[in-house]
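> model the following, please.
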Amino acid sequence: MTALLVIIDTLIALALIGLVLLHSGRGGGLSDMFGGGLGSQAAGSTVIERNLDRITIILALTFTFVTLALALMLDE
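Now for the predicted structure:
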């Protein structure tokens, strides 16, 4: 059971690294990659960026709970 949780935790961590790198910084990121440079600055965040935010938050919460579960299982 713990081996499965370690594998899941590792995969989620790698996915989080990729998602964080896709986020836009001061100017760039996922929206500029698909040609939304000037339009997205005037209109705020795009749908793609909002969905990217949601997915990142869900994966971060899942990573937190899996890590806590591993810590509690290994503590016993």
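> helix or strand with the lowest mean pLDDT in the chain?
For the chain, using mean pLDDT, DSSP states H and E, the weakest element among its helices and strands is helix 37-43, scoring a mean of 52.
> where in the protein is pLDDT low?
In the predicted model, the chain carries pLDDT under 70 at residues 26-45.
> mind redoing it with 80?
Where the chain drops to pLDDT under 80, the residues are 24-45, 76.
> which secondary structure elements does the strand or helix carrying residue 65 sit against?
Assignment of secondary structure by DSSP states H and E places residue 65 within helix 47-75. With contacts defined as 3 or more C-beta pairs under 8 Å, 6 or more residues apart in numbering; DSSP states H and E, helix 47-75 has these neighbours: helix 2-22, helix 30-33. Where you see a C-beta, it was placed from the backbone N, CA and C, and this is true even at glycine.
> same thing but at 10 Å, please
Applying 3 or more C-beta pairs under 10 Å, 6 or more residues apart in numbering; DSSP states H and E, one finds that helix 47-75 makes contact with helix 2-22, helix 30-33, helix 37-43.
> can you pull the buried residues of that helix?
48-49, 52, 56, 59, 63, 66, 70 (16 or more other C-beta atoms under 10 Å).
> go on, stretch 8-18?
By neighbour count on 16+ other C-beta under 10 Å, the buried set for stretch 8-18 is 9, 12, 16.
> mind saving the C-alpha coords of that stretch as PDB?
Taking C-alpha atoms only, stretch 8-18 is exported to PDB below (Å, rounded to 0.1, in the frame of the first residue of the first chain):
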ATOM      1  CA  ILE A   8       1.200   8.300  -6.800                       C
ATOM      2  CA  ASP A   9       2.900  11.000  -4.700                       C
ATOM      3  CA  THR A  10       5.900  11.100  -7.200                       C
ATOM      4  CA  LEU A  11       3.600  11.300 -10.200                       C
ATOM      5  CA  ILE A  12       1.600  14.100  -8.700                       C
ATOM      6  CA  ALA A  13       4.800  16.000  -7.800                       C
ATOM      7  CA  LEU A  14       6.100  15.700 -11.400                       C
ATOM      8  CA  ALA A  15       2.700  16.900 -12.700                       C
ATOM      9  CA  LEU A  16       2.800  19.900 -10.300                       C
ATOM     10  CA  ILE A  17       6.200  20.900 -11.500                       C
ATOM     11  CA  GLY A  18       5.000  20.800 -15.100                       C
END
